[in-house]
Each structure stands twice: as C-alpha cells, then as structure tokens.
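In: Got a sequence here, can you model it:
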Amino acid sequence: MKEANVGIAMGISGTQVAKEAADIIILDDNFSSIVKSVMWGRSVLENIRKFVMFQLTVNIVALTVVLLVACVNVIFSSVIFDHPKFGERFYPPLTAIQ
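Out: Predicted coordinates:
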C-alpha cells in the first residue's frame, strides 16, 4: 500500500499495519464504501482541475485586456485632436489599470 497512489484500508477488520500504510481508512467494512470514497475522490480531483483551468483562463484574459488597453492608451495619448468636443488633447476613457 505504501507504493500505491492512494492506499485504502478497512477500519474494523483491517490490520494495524494496513491502517498505518493506508492513506484512507474506511470506518465500516462495507465494500460499497470503497466505491463511494473512490468516486468522491475522483470528483474532487476533477473539480480542482476545472477550477485551475478556469483561473488560468481568467488570468490570461485579464492580462491580455490590460496589455491591449495600455497599448491603445499609448497610441491615443500621442494623437492631438483639434475638435472642440475633445479639447486640445484626447484622453482615452479608461487607463490600463481600470
């Protein structure tokens, strides 16, 4: 069990050596509990993977938007307009941080 990815031992009928080597100890001796615990473990792992993928996607999009707005601000801040609506200089509505 020490070499397994996740060791599972029975709580009542399992030996003390098996309980010490196991990562998960099932408190009852029902084999359906093993199936339930494995399914819960896989579900938790899948949810963690989905969350990490969501976080990476959101962070990449946020970084891209910030860089785009910063580049657009640099381009537009160097342009001078003589239009009365803009005054002498055009300032973009959002800064890179916003």
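
In: And the longest helix along the chain, what does it pack against?
Out: For the chain, the longest helix by residue count, based on DSSP state H, is helix 31-77. Contact partners of helix 31-77 among helices and strands, from 3 or more C-beta pairs under 8 Å, 6 or more residues apart in numbering; DSSP states H and E: strand 8-10, strand 24-26. Where you see a C-beta, it was placed from the backbone N, CA and C, and this is true even at glycine.

In: which residues touch the first one?
Out: By C-beta atoms under 8 Å, 6 or more residues apart in numbering, the surrounding residues in contact with strand 8-10 are 1, 15, 18-19, 21-26, 29, 34, 37-38.

In: what do you get for the last one?
Out: Contacts of strand 24-26 from elsewhere in the structure, counted by C-beta under 8 Å, 6+ apart, are 6, 7, 8, 9, 10, 11, 14, 19, 33, 34, 37, 41.

In: Compute the distance between residue 31 and residue 10, please.
Out: Distance, residue 31 to residue 10, by C-beta to C-beta, to the nearest Å: 9 Å.

In: Checking residue 14 next. Helix, strand or coil?
Out: Under DSSP: H, G, I helix; E, B strand; the rest coil, residue 14 falls in the coil class.

In: What is the neighbour count of it?
Out: Neighbourhood size, residue 14 [other C-beta atoms under 10 Å]: 15.

In: picking that back up, so of the helices and strands packed on helix 31-77, which one's packed in deepest?
Out: Of all those, strand 8-10 carries the top mean neighbour count, a mean of 19, counting by mean count of other C-beta atoms under 10 Å.
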